[in-house]
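Student: Everything below, folded, please.
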Amino acid sequence: MKRSITVLFTLILMAVSAHAQDEYRMEIGPATGASFYMGDVNQRLYRNTGLMGGIVARYNCNPRLSFKADLTAARISGSTADMKDRVFLEDLNFNRTIYDMGVQIEGGFLGYGLTRYNGCHRVAPYYLTGIGLTFAPKPQKNDFAFNIPLGIGVRYKMADRWNVGLEWTMRFSSSDRLDVTMQNGGITLEDPYRIKGKFFKNKDSYSYTMLTLTYDIFKKPCDCN
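Tutor: Numbers count the residues shown, from 1 in each chain. Just a heads-up that it's a prediction; the model follows:
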C-alpha cells in the first residue's frame, strides 16, 4: 500500500513538473500605455502625455534572449507656452498621431520562465534595442523616419501561458519634423533654432511607457524521455 502511494505521488510530481516546464516559441497580445514627445518644444519627461496602443509579438530564443515586433499608434503633442528660451512672439503648438512599426532584441538580466529550471524566474527584468519605422501623417504633410528604440522592461509570468510586461522606451527618430505645425501664416516648429544635425543629432524623439498582456503559442517540442 505504501509503495503504491509512493509511486502515485511520484507520477503526480512528474506530471506537474512536466506541465510547469512547458515552453513556447512565441507570445502575442495587446499593448497600451502613455506616450510623450521630446524635441524643439519640449525637454521635460512626461510633459503633454498622450495615449498609445498596439500589438506585440515576441519570439523567445531562450530564457534570456528574445526578439519582439510591435505595431503601435500614439498621440504626441507639444507647446511653446511654458518654454524659458523662446524664439517666437506668440505661442505655437502641435498635436498629431504617429505610427510605429519596429523590431527589437531583448536581453534578460535573469532567465524568464514559470519554474526555476535553467535559472528561470517568474519576474525578470530586461533591456532592449532595435530599429523601427515612424510614420506621421498630416495635418501639414506626411513624414517617414527611421527610429532607434532604447529601453528597459520587466516581465511577469502570471500563469502557465500568460505574461504581463511593463516597458519604457525612448525612440530616437531621424526626423526633425514630428513637431511641425502651421500657424500664423506659415511659421513652423521645424528647426526653429536653425541648428543643423546629421543622423539622430538635434532630431525629434518620443517615448512609450507600455503595458502588455501576451499569450504563449507554438509549444516547443520536448526531446526528454
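Student: Give the helix, strand or coil label for Leu178.
Tutor: Classification of Leu178 using DSSP: H, G, I helix; E, B strand; the rest coil returns coil.
Student: Give me the distance between it and Met38.
Tutor: Distance of Leu178 to Met38, given as C-beta to C-beta, to the nearest Å: 10 Å. C-beta: built from backbone N, CA, C; applies to glycine.
Student: and what of Thr80?
Tutor: 15 Å.
Student: again with Ala57
Tutor: In terms of C-beta to C-beta, Ala57 sits 27 Å off from Met38.
Student: Those two - which one has more neighbours?
Tutor: Met38 (22 against 16; other C-beta atoms under 10 Å).
Student: Could you find the closest non-adjacent residue to that one?
Tutor: Of all residues not flanking Met38 in the chain, Ser205 sits nearest, at 4.8 Å (C-beta to C-beta, 6 or more residues apart in numbering).
Student: Surely the one you found touches Ser175?
Tutor: No: taking C-beta atoms under 8 Å as the definition, Ser205 is not a contact partner of Ser175, at 9.6 Å.
Student: what's the spacing between stretch 45-63 and its chain's center?
Tutor: Taking C-alpha atoms, centre = their mean, to the nearest Å, the mean C-alpha location of stretch 45-63 is offset from the chain mean by 3 Å.
Student: er, stretch 25-35 actually
Tutor: The chain centre lies 8 Å from the centre of stretch 25-35; the measure is C-alpha atoms, centre = their mean.
Student: Would you mind listing the buried residues in that stretch?
Tutor: For stretch 25-35, a neighbour-count test (16 or more other C-beta atoms under 10 Å) marks 26-27, 29, 31, 33-35 as buried.
Student: wait, is Ala31 part of a helix?
Tutor: No: under three-state DSSP, Ala31 falls outside any helix and is assigned strand.
Student: By mean pLDDT, which helix or strand of the chain comes out lowest?
Tutor: helix 2-20 (a mean of 44; mean pLDDT, DSSP states H and E).
Student: need the strands for this structure, in chain order.
Tutor: With DSSP state E, the ranges of strands along the chain come out as 24-38, 50-62, 65-79, 93-108, 111-112, 120-121, 123-136, 143-157, 162-173, 205-219.
Student: From the contact count, pick out the helices and strands touching the fourth one.
Tutor: Strand 93-108 makes packing contacts with strand 65-79, strand 123-136, strand 143-157 when contacts are defined by 3 or more C-beta pairs under 8 Å, 6 or more residues apart in numbering; DSSP states H and E.
Student: All set now, cheers.
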